[in-house]
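# I would like to see how this sequence folds:
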Amino acid sequence: MLVIFTFLISERKQSAEAAEQEDLNLRVFAIMQERLAEAREEAEVATKREAAAKAETQKANAERDKAEASRRAAENQVNQIAGQLNQAKQDVKKAEDAVSNGRRDAAERDGLLGELIKADIEVVIAIDYSQSMVLWHAELKESIEAVAKLFPRATNLKVGVVAFSPTRISEYPLTPLLPSSQDNGKSLQMVEVFLSGLSAVKGRVNVVKAVDSATAMFSSAADDGTQQILMLIGDTGPGEMAGETQQTSEQLLASVKAWCSSRNGRRVLALDTGVAVPNAIPEQRTFFEALGASSAHSSVGHHSHDVVRVLFETAFQAAGDNQ
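Numbers count the residues shown, from 1 in each chain. Just a heads-up that it's a prediction; the model follows:
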């Protein structure tokens, strides 16, 4: 009997231990399942973070490539403009050399060229002094210097300047510009000092007011054979100021045309510096073309040496008319 009782107690104990072990196994399994779920969630979060980081990297790379493309495009534009400027300088040098050689050859023949070309010329140069024109300001100085060095001695030349910037209009009154050989370059120095005192300013310019100031600077004497040249140097026509429309341009063109026809010997050089600018506005180019057709001898130019060319053309035509 005791043996049976002992056996039953042992069986119960083993059953209890088995049940306890099974319960422990279930709890361990549940914990493992929970930790596995947490690990999966962490893996999903890590995957999302990795995808987000990859997307940000791709976006940053795209923005970097876009910035690099913009930089290269800007660099190409700068190189293109620099190349055009260098070409213009070469053209000026060629023109100066041609004129110098022509004068020297003529002087060797009879020594009278400077005395034969007799003419009275007034030229007023209205030049845009906004920031976009800064390279042309040095070009104008070189052109005026070339005129002072090369112009015929017998020609009575007067030069005035209207420099119009977004903040002000500065005027150099119509003043004789003598050959450097006659006054040791004093009259040239006066113009250069005026131009050196000017600064380019970023902003919009009033072309109408500048042209009005320029035409008012010419002498108002009766038609006495004096040639008068209005030069407008800029990269934009009317339209930048508030209230200016296409009609503003038309009115200015009509005004200049009337100025040309009011007496003999008047002409215009419309020096359009914006023709080589990327995305140039067609209406602005049309304005300069129309301005360059204001009279029979008016013209359009695109390079600084056109200043020298027009002055010499005027001198020779006037000398021919006087003979």
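# tell me which residues in stretch 292-304 are buried?
Of the residues in stretch 292-304, those buried by neighbour count under the rule 16 or more other C-beta atoms under 10 Å are G292, S294, S295, H297, S298, S299, V300, G301, H302, H303, S304. Any C-beta I mention is one placed from the backbone N, CA and C, and that applies to glycine too.
# Give me the pLDDT value at the closest residue to the third one other than its chain neighbours.
If you skip the residues right next to it in sequence, S295 has C260 as its closest partner in space, 3.9 Å away by C-beta to C-beta, 6 or more residues apart in numbering. Note for C260: predicted pLDDT of 92.
# picking that back up, greatest separation within the buried residues of stretch 292-304: which pair is it?
Checking these against each other with C-beta to C-beta, the farthest-apart pair comes out as S295 and S304, at 22.2 Å.
# how many other residues sit next to the residue nearest to S295?
By other C-beta atoms under 10 Å, 21 other residues sit near C260.
# roughly how far apart are it and L269?
12 Å (C-beta to C-beta, to the nearest Å).
# quick revisit: using CSV, please lay out the buried residues of stretch 292-304 together with pLDDT.
Formatted as CSV, the entries for the buried residues of stretch 292-304 read as follows, by pLDDT from 0 to 100:
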residue, pLDDT
G292, 89
S294, 91
S295, 90
H297, 89
S298, 89
S299, 90
V300, 89
G301, 86
H302, 83
H303, 83
S304, 79
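# tell me what the helix or strand hosting L252 is packed against?
According to DSSP states H and E, L252 maps onto helix 246-261. On a contact count with 3 or more C-beta pairs under 8 Å, 6 or more residues apart in numbering; DSSP states H and E, helix 246-261 meets helix 207-217, strand 266-272, helix 282-291.
# Dump these into TSV; add distance to A18 and mean neighbour count as well.
Output for these, formatted as TSV (distance: least, C-beta to C-beta, whole Å; neighbours: other C-beta atoms under 10 Å):
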stretch	distance to A18	mean neighbour count
helix 207-217	105	20
strand 266-272	104	25
helix 282-291	98	18
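# mean pLDDT lowest for which of these?
Per-stretch mean pLDDT for the helices and strands packed on helix 246-261 is lowest at helix 282-291 (a mean of 80).
# now the angle from that one to strand 266-272?
Calculated by axes from the mean of the first three to the mean of the last three C-alpha atoms, to 10 degrees, helix 282-291 forms an angle of 160 degrees with strand 266-272.
# re earlier: which ones are touching the residue nearest to S295?
By C-beta atoms under 8 Å, 6 or more residues apart in numbering, the contact set of C260 is R266, R267, V268, S294, S295, S298.
# How much space separates the second one from Q228?
For R267, the distance to Q228 equals 8 Å [C-beta to C-beta].
# Show me what secondary structure element comes after the lowest-mean-pLDDT helix or strand in the chain.
With mean pLDDT, DSSP states H and E as the measure, the helix or strand of the chain carrying the lowest mean pLDDT is helix 113-116 (a mean of 43). The helix or strand immediately downstream of helix 113-116 is strand 119-128, counting by DSSP H and E.
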